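Peer 1: Need coordinates for the below:
(one chain, ligands or ions: 2)
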Amino acid sequence: MPQTASEVPFWSRDAAAACAELQTRPEGLTSAEAAERLSRLGPNRAVAARRRSVVGKIARRLVEPLIAILLIAAAVSGAMGDWRSFVVILGIVLVSTALDVIQEEKAENAVEALQRSVAVTARVRRDGRLLALPVRDIVPGDVIRLAAGDLVPADGVLLESRGALADEALLTGEPYPVEKRPGRSEATGPAEAFNAVFAGTSLVAGEAVMLAVATGGGTRFGAIAAALAERAAPSAFERGLHALGLLILRLTGFLVLVVLLARLAAAGLSLDTFLFAVALAVGLTPELLPMVLTVTLSRGALRMAARKVVVKRLSAIDDLGAMDVLCTDKTGTLTEARIALVGGFGPDGAPSRRAAALAGLNSRFATGLGSNLDAAILAAVPADPRAWARCDDRPFDFTRRRASVLLADGAERLMVTKGAPEDLLSLATRLERPDGAVVPLDETARATAAAWITAQGAAGFRLLGIGWRAMPEATGRLAAEDEADLVLAGFVAFLDPPKASAAAAIGRLAAAGVRVKIVSGDAEPVVRHIVDALGLPSGSAVLSGAEIAATSDAALAARAEVVDLFVRVSPDQKARIVRALRRRGRVTGFLGDGINDAPAIHAADVGLSVSGGSDVARQAADVILLAPDLGVLADGVAEGRRTCANIMKYVRMVTSSNFGNMLSMALASLVLPFLPLAPLQILLNNLLYDLSEIGIPFDAADPSEVERPARFEMRDVLRFTLVMGPLSSLFDAATFALLHFGFAADVAVFRTAWFVESIATQILVIFIIRTARPAWSARPHPVLAATSLGALAVALLFALSPLGGFAGFVPLPPAILATIAAICCLYLILAEALKRLAIRPAPAGR
Ligand SMILES: Nc1ncnc2c1ncn2[C@@H]1O[C@H](COP(=O)(O)OP(=O)(O)OP(=O)(O)O)[C@@H](O)[C@H]1O
Ligand SMILES: [Mg+2]
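Peer 2: Ligands and ions are numbered 1, 2, ... in the order given. Predicted coordinates:
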């Protein structure tokens, strides 16, 4: 059984031959057969899971420069006979690596489970039944049903097709959907193989049944598709953090070098100097930041999931938090998507059974996208008594916005077209009167119909126009030109009530600094009606698809920013609007559920879809809403910002307290005749400090931080550092002076005292800088309080009890203890007073 395409391409066999070769049948495999194949051929995944094993993770950490340096330091200590350092350094490497790996592993597991819950499934025939199975469980020989909007889960040949059109643009570059039908193809390349479908492409119209021939790495395009689908571009937040990390790295390198040279000049090379430099480098580097990011983001993801928002790409949380424009589709988010047929109406607007009956014929025989409009028609219109049979059809697509069927009854050939009402009106040259007579469509009748269309739209009805045309007896196929010279039979009208919760949700989003824009394929009056019904600001100008088509990208960018309503836009225009907004620096989200929304979802900073949306939309999305409700999204945005706010707390800690303390120590080492802290003490300080921060992801965010889009601004970070850094240094200098000159402390006492001051200020300041509000009015999360105070307690236990002897700590005289306590209190009070300058205040207006 070939798992890969062999020399003979698989599409050169017909369905029966392919079935025989794969030992399967149109009814599909049995689950026993499938299980056997799955274990033999492996899961249907184009690229092996990229996730590292635990061993891989540990190995990766051990080769990181910092850890490598520590290991070398341990080895040097051991070789020199300093067993205490050897053991402690190894212990620290062990603890921090374990901490890192366990946290990350847990985070990844949780997020993977979430992602699985929104993974795309395929409808597979197994044991004679149709099952929804995860795509990864598909094996060669499986028989799979596909409908418009579905992703093709494997390479295969078609067994059946009804108007199937596949979008292979991603793989062949062919921009237009290509027709797919069963048969045998002589094609040499996949692009021309009309009977084959390929993993990674999607069906945009029609229905099909396919036989999977190749899965996983054996597919033609799977690997390319996976690579293309992979979005490597980091979020703005990640880019900012990365830049900050680089900055710190450079400073660290510079400082360590200076200290090392100075000590070498003063005291010559010694193990202590070497270890001190190593410890300083370790202390200065925010080595846990990557882990902390993953953990914070995955905690955010879990909290969002509890609010029915599932993120597929972790960093999308940052983008969601930063989003300031949301473009949304209309149906399902602003409306209930419970579409009901109101009735048929003639060209003059009088009730008409005939229009409804023709719409029923079209919906019944049209292949392709079974839209909810069709469902509403079929539910309300009784089946036509005549024995119509389908000859051909031109399925619906979002650019033409209409669908035509060619029907036969005996020698009679009838084409029935339904679609956007204003388009149908312009295609029509005649009209059908209530008595059945066909007369030319004169200007008055045309104007009457146009006015009626607008009036109905404004009254909240969605309309489809219905036209027909008698075709010559021999006609067997429909051509594009046939959709012309129509007889207008009238219209069908639908109601899709506006969603009661939408107005409040949009209000919440607006209050949170997210501007909502409606981007709809529907007509202006209908969209306007919804806007009015929801009580949304209706003053906005409107931009239509036709206008957009005539606008350059640059001009569109300027227009798109101020316009909030876009009507009659095609799928690629939706994407153009998103790109235009992004070009203006807007962090843009797009929420949609249809095939027509997928390009825009893909183009957005945050692509959003709903769990009931089509495969392609969900595949393109970064975030899936488990309920089609903007309120859910507003919750998600708040959680996204909370997550960003927590990441900023780390950044503040790293840039001010951690870096500040290590900086002071480096400077002190230049002045003092001895090292201000023993290397082991620095490492211990660093480890306990890292531990203290583990609770940050649990913390709540300030209301002010949730109220506006969260952006990573290097300026804000620098401002914070410039205010809080010197403050911390000031207190370090005071400690230094008091200990060295005031108390004339000896080395051991000096180090113990400095350690206590350093770790206490470093850890406790989290309670101050975690909020821009007064520290006492914003209560920290209990987990954060526990990790911080716990780490501090351990540090004090080491430093102040006989336990600390191993690291060179000695008991402190009460006078020094009291002085340190006073310094800490004073520092915290001043930090509280100064933080208002350091943390960006909420902007006055928006
Ligand atoms: N089944 C169908 N048959 C004929 N025409 C259709 C059908 N479905 C949709 N149309 C036409 O295509 C237009 C665009 O489709 P649709 O309204 O679903 O786009 P959309 O951008 O997803 O809109 P929305 O914002 O309402 O979700 C419709 O307004 C209608 O005129
Ligand atoms: Mg839609």
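
Peer 1: contacting residues around residue 451?
Peer 2: By Cβ atoms under 8 Å, 6 or more residues apart in numbering, residue 451 lies in contact with nothing. For glycine as for every other residue, the C-beta is placed from the backbone atoms N, C-alpha and C.

Peer 1: That one sits in which helix or strand?
Peer 2: For residue 451, the host element (DSSP states H and E) is helix 443-458.

Peer 1: just the CA coordinates of that helix, formatted as PDB?
Peer 2: Written as PDB, here are the backbone C-alpha positions of helix 443-458 (Å, rounded to 0.1, in the frame of the first residue of the first chain):
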ATOM      1  CA  GLU A 443     -37.700  52.100 -16.000                       C
ATOM      2  CA  THR A 444     -40.600  52.800 -13.700                       C
ATOM      3  CA  ALA A 445     -40.800  49.100 -12.700                       C
ATOM      4  CA  ARG A 446     -37.100  49.000 -12.100                       C
ATOM      5  CA  ALA A 447     -37.300  52.100  -9.900                       C
ATOM      6  CA  THR A 448     -40.200  50.700  -8.000                       C
ATOM      7  CA  ALA A 449     -38.300  47.500  -7.300                       C
ATOM      8  CA  ALA A 450     -35.100  49.300  -6.300                       C
ATOM      9  CA  ALA A 451     -37.000  51.500  -3.900                       C
ATOM     10  CA  TRP A 452     -38.800  48.500  -2.500                       C
ATOM     11  CA  ILE A 453     -35.400  46.700  -1.900                       C
ATOM     12  CA  THR A 454     -34.000  49.700   0.000                       C
ATOM     13  CA  ALA A 455     -37.200  50.100   2.000                       C
ATOM     14  CA  GLN A 456     -37.200  46.400   3.000                       C
ATOM     15  CA  GLY A 457     -33.600  46.500   3.900                       C
ATOM     16  CA  ALA A 458     -34.100  49.500   6.100                       C
END
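
Peer 1: Residue 719 - that's part of a strand, no?
Peer 2: No. Residue 719: not assigned to a strand; according to DSSP: H, G, I helix; E, B strand; the rest coil it is helix.

Peer 1: ok, so what distance separates the closest residue to it other than its chain neighbours from residue 655?
Peer 2: Using Cβ to Cβ, 6 or more residues apart in numbering and skipping residues adjacent in sequence, the residue nearest residue 719 is residue 838, 6.4 Å away. Distance, residue 838 to residue 655, using Cβ to Cβ, to the nearest Å: 10 Å.

Peer 1: now swap in residue 167 and tell me
Peer 2: Counting by Cβ to Cβ, the gap from residue 167 to residue 655 is 47 Å.

Peer 1: quick one: residue 195 and residue 157 touch, right?
Peer 2: Yes. Distance between residue 195 and residue 157: 5.3 Å, which falls inside the contact criterion (Cβ atoms under 8 Å).

Peer 1: Spit out the residues that contact these two alike.
Peer 2: With contacts defined as Cβ under 8 Å, 6+ apart, the residues shared by residue 195 and residue 157 are 11, 182.

Peer 1: So if I had to pick from these two, which one is more boxed in?
Peer 2: Each of residue 195 and residue 157 has its neighbours counted (other Cβ atoms under 10 Å); residue 157 has more, 27 against 24.

Peer 1: Make sure that one is actually in contact with residue 11.
Peer 2: Yes. With contacts counted by Cβ under 8 Å, residue 157 reaches residue 11, the gap being 5.9 Å.

Peer 1: For this structure, spot the helix or strand the model is least confident about on average.
Peer 2: Least confident helix or strand of the chain, by mean pLDDT, DSSP states H and E, is helix 222-229 with a mean of 58.

Peer 1: buried set for the helix or strand just after that helix?
Peer 2: Per DSSP H and E, the first helix or strand lying C-terminal to helix 222-229 is helix 236-267. Neighbour-count burial for helix 236-267 flags 236-238, 240-241, 244-245, 248, 252, 255-256, 259-260, 263 (criterion: 16 or more other Cβ atoms under 10 Å).

Peer 1: Can you pull the phi/psi pair for whichever residue of the chain sits closest to ligand 1?
Peer 2: With Cβ to the nearest ligand atom, the shortest gap between the chain and ligand 1 falls at residue 521, namely 2.6 Å. Main-chain torsions, residue 521, degrees, to the nearest 10: phi -80, psi 0.

Peer 1: pLDDT wise, what is it at?
Peer 2: If you check residue 521, the pLDDT there is 91.

Peer 1: what residue ranges in the stretch 151-300 of the chain score low on pLDDT?
Peer 2: 170, 175, 221-234 (pLDDT under 70).

Peer 1: go on, the stretch 701-846 of the chain?
Peer 2: Counting by pLDDT under 70, the stretch 701-846 of the chain shows low-confidence ranges at 840-846.

Peer 1: OK, now which residue of it is nearest to ligand 2?
Peer 2: Closest residue of the stretch 701-846 of the chain to ligand 2, Cβ to the ion: residue 709 (26.0 Å).

Peer 1: so which strand or helix has that residue?
Peer 2: Counting by DSSP H and E, residue 709 is found in no helix or strand.

Peer 1: if I look at the residue in the stretch 551-700 of the chain positioned nearest to ligand 2, how far off is residue 149?
Peer 2: Closest residue of the stretch 551-700 of the chain to ligand 2, Cβ to the ion: residue 594 (4.2 Å). In this view, residue 594 and residue 149 are 7 Å apart by Cβ to Cβ.

Peer 1: Residue 486 now?
Peer 2: From residue 486 to residue 149 the distance is 28 Å (Cβ to Cβ).

Peer 1: Who has more neighbours out of those two?
Peer 2: Neighbour totals were compared for residue 486 and residue 149, and residue 486 leads with 25 against 22 (other Cβ under 10 Å).

Peer 1: is residue 407 in a bridge, and if so with what?
Peer 2: Beta-bridge partners recorded for residue 407 (DSSP bridges): residue 390, residue 414.
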